[in-house]
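S.K.: Fold the following.
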Amino acid sequence: MKVYLYGTPGNIGGAATKIRHLLRLLHQEVDFTVILTHPSWRKNKQVMGFLAELKIPHCLLKELPRQVSGVVLAICELQFFSSGVARRLKEKGLKIVWSNEMMWSFKGEAEAVKAGLIDRVLWVSEFQSKVEAFAEMYRGVPSVIVENYIDPDDFHWKERRNETFTIGRLSRPDPVKYPLNFPHFYEALVPGDVRYRVMAWSEEMAKQYRWHRFGPEWELLPKNNLATVDFLWSLDLFVYPLRHRFRESWGRVVVEAMLTGCPPVVPRGHHFHNMLVDDESGYLCGSFEEWQAAVERLYRDYPFRQRMSRRCSDYARETHCDPAGHRSIWLEALSFSEWAEIFHRGKQSSRAVQIMPKAPSYCYWSISTSEYADQMQACVDSARSCGVFKDFHILTNTSLEGCECYDLMDFQAQEGLFPVFYLKLAMSRLNYDYFIWLDADTRFVSVPENPLGPARHSPLHAPLSHQLPEEPGSAPVSNSRKSPDCERMLRHGLPGPVYACETAFWIVHHDAVELVYDLTRDYWQKTRGEASAADFAEAFGFAVQILCADPTNHLLTAWPRLWEQAGHKERLGEASGTGNAAILHFNKGHSLRRPLIKSQGGGATP
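M.R.: Predicted coordinates for the structure are as follows:
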């Protein structure tokens with residue numbers, strides 16, 4: 001069997017490592033020639049040495065004869081179609097076997113399918129093969145499911161117990177693979193002395209999390225800073241949360257971590273349930289509480305962690321690294337005799353990026369049309385009366401005292417999304433670290449002790465009032481609003497549990513403004529065609545819970561001295577101000593006769 005492999009058998013990077021292991025697996029049965037993607041690879045001693053050891057010849061595309069016969073295999077080559085390489089290989093008479101590896105198509109891939117360039121497509125998992133876009137694109141094209149083969153000899157088990165408990169992850173430096181709350185998610189997993197290690201990091205990654213202050217406990221390594229096995233040996237746990245809408249086609253690095261003895265903690269769904277046995281060779285997690293419980297147990301119980309380390313390695317070798325089984329499937333996948341679909345069963349600087357701590361700046365802001373002018377003025381007056389002298393910025397079409405006013409001009413309700421619309425359009429131009437939104441019908445009772453406390457390590461905060469049941473129609477309704485749709489929020493990517501969100505008071509970091517706007521508007525737009533569309537509270541609540549790792553830190557009851565809804569739990573009578581919160585919000589069911597100022601005795605005086 002003559003097979004040309006277009007790619008490079010490196011030892012860094014998922015596709016390059018896959019090619020390396022595949023050549024090692026099949027070189028005795030298959031007559032390979034490697035088509036190098038660039039002449040510079042001929043100067044790479046490691047690559048040239050590997051090919052010489054296996055006695056596999058290599059060439060450049062331009063060195064191939066005008067006409068050749070056989071099969072060409074290409075694995076996850078980003079520019080394979082857009083560069084014209086696929087068409088040139090097809091014109092030489094080769095049958096093209098293509099493995100995308102991702103959950104989305106590459107540039108020019110759809111056009112190549114329509115042009116009949118691809119003779120067979122390989123999927124790494126059934127999960128990948130069922131992607132709707134792929135199913136339509138590859139309709140009528142023969143396909144085979146061929147899971148990744150990982151040579152276990154490259155990933156030996158190693159006992160480890162770091163002096164400082166270390167969790168980390170390794171993936172390509174693509175922000176879409178990381179949850180939007182990633183640094184806060186890691187830091188909220190387990191209390192105590194913990195080290196966080198990540199590879200590969202990039203400027204784009206740093207930009208995505210510019211709202212977070214990475215301390216000395218973080219080590220953010222650039223791409224290819226260490227060999228994969230050396231990095232995995234340095235971790236006690238491999239903790240691999242993914243962005244809420246990202247889908248992993250296979251997850252090679254998870255199996256590599258298991259082989260080295262690093263227990264994986266991964267999200268439910270994707271293909272991971274086929275990789276490990278939950279609570280035996282790793283953990284599958286949904287809610288943040290499940291992530292916490294898994295990491296906490298492995299952190300506290302070293303003998304248990306050591307046993308799981310060995311079970312992970314043994315399970316990965318037995319289940320995913322059987323050379324005979326993989327060899328049989330690959331030979332059929334590359335053969336163009338009789339065949340059918342097969343379902344396999346079974347050195348840059350390593351300095352951490354750090355930001356020197358400084359006291360964050362913040363302001364209060366709101367929007368007030370003329371009908372709410374009196375309430376907005378009373379809100380500002382109440383703050384000044386009890387000693388709050390932080391800046392207030394109000395977008396309004398009238399005149400207010402004690403604050404900076406900006407001409408609201410032609411107010412745009414934006415279908416109820418106006419708070420985040422004006423946050424992005426106007427407030428983001430101001431030089432503050434945080435923006436604190438207040439509804440007009442808000443009153444200050446005392447000076448807030450730590451108004452930014454709920455947003456520590458998190459790009460935003462809004463009070464979460466109560467957990468929503470998954471049964472529709474059985475949740476309590478806050479502020480006379482319709483109850484958020486719990487099932488819908490879960491369907492759109494929330495791991496659960498889901499909470500109702502109060503929107504009369506919230507905090508957003510300057511560098512997360514656009515992200516918060518995009519998440520809110522994206523969710524809102526996706527519900528437009530449904531019978532009951534999401535309102536602002538549901539859409540913004542979705543954004544809050546996507547970005548906050550631990551929702552319990554944002555519960556209304558977690559910060560009782562900061563903000564409270566008057567009448568919440570029937571604690572506050574009509575404008576009585578008898579609660580402990582420094583800031584009170586009054587809905588339509590409560591009067592707003594005069595600002596409230598908390599007296600020295602702890603009560604409230606008019």
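S.K.: Tell me where the model's unsure across the stretch 401-550 of the chain.
M.R.: Scanning the stretch 401-550 of the chain for pLDDT under 70 picks out the ranges 471-482.
S.K.: Kindly recompute the last result at 80.
M.R.: 409-415, 457, 470-484 (pLDDT under 80).
S.K.: That one: strands as residue ranges?
M.R.: Remark: strands assigned in the stretch 401-550 of the chain by DSSP state E, counting those that start in this stretch are 404-407, 434-438, 442-444, 460-461, 464-467, 499-501, 505-509.
S.K.: quick one: contacts for Leu170?
M.R.: 198-200, 228, 231-232, 238, 253, 257 (C-beta atoms under 8 Å, 6 or more residues apart in numbering). No exception for glycine: its C-beta is placed from N, CA and C like everyone else's.
S.K.: and which of the residues you listed is nearest Pro65?
M.R.: Using C-beta to C-beta, Thr228 comes nearest to Pro65 of the contacts of Leu170, at 36.8 Å.
S.K.: Okay, and which of the contacts of Leu170 map to strands?
M.R.: 198-200, 238 (DSSP state E).
S.K.: Let's have the strands of the stretch 401-550 of the chain in CSV, adding mean neighbour count.
M.R.: Listed next are the strands of the stretch 401-550 of the chain as CSV, based on neighbours: other C-beta atoms under 10 Å:
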stretch, mean neighbour count
strand 404-407, 14
strand 434-438, 22
strand 442-444, 26
strand 460-461, 27
strand 464-467, 18
strand 499-501, 25
strand 505-509, 25
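S.K.: For these, give me TSV that also has distance to His393.
M.R.: Converted to TSV, these look like this (distance: least, C-beta to C-beta, whole Å):
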stretch	distance to His393
strand 404-407	5
strand 434-438	8
strand 442-444	15
strand 460-461	18
strand 464-467	26
strand 499-501	23
strand 505-509	14
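S.K.: Any idea which of those strands gets closest to Ala293?
M.R.: strand 464-467 (17.4 Å).
S.K.: starting at the chain centroid, how far to that closest one?
M.R.: 23 Å (C-alpha atoms, centre = their mean, to the nearest Å).
S.K.: what sits against Val513?
M.R.: Here Val513 is in contact with 423-424, 427-428, 435 (C-beta under 8 Å, 6+ apart).
S.K.: Which pair of the residues you listed spans the longest distance?
M.R.: Across these (C-beta to C-beta), the longest gap, 10.7 Å, separates Lys424 and Phe435.
S.K.: Next one, pLDDT for the nearest residue to Lys55 once chain neighbours are set aside please.
M.R.: The spatially closest residue to Lys55, leaving aside those adjacent along the chain, is His27, at 7.6 Å (C-beta to C-beta, 6 or more residues apart in numbering). pLDDT for His27: 96.
S.K.: what number of residues lie near His27?
M.R.: 15 (other C-beta atoms under 10 Å).
S.K.: which phi and psi does it have?
M.R.: phi -60, psi -20 (degrees, to the nearest 10).
S.K.: was I right about it contacting Glu53?
M.R.: No. Between His27 and Glu53 there is no contact under C-beta atoms under 8 Å: 9.6 Å.
S.K.: how far away is the closest residue in space to Arg66 that isn't next to it in sequence from Leu60?
M.R.: Computed as C-beta to C-beta, 6+ apart, the closest residue to Arg66 that is not its neighbour in sequence is Lys92, at 6.8 Å. Between Lys92 and Leu60 the computed distance is 13 Å (C-beta to C-beta, to the nearest Å).
S.K.: Looking at those two, which has the bigger crowd around it?
M.R.: With neighbours defined as other C-beta under 10 Å, Lys92 and Leu60 compare such that Lys92 has more, 17 against 13.
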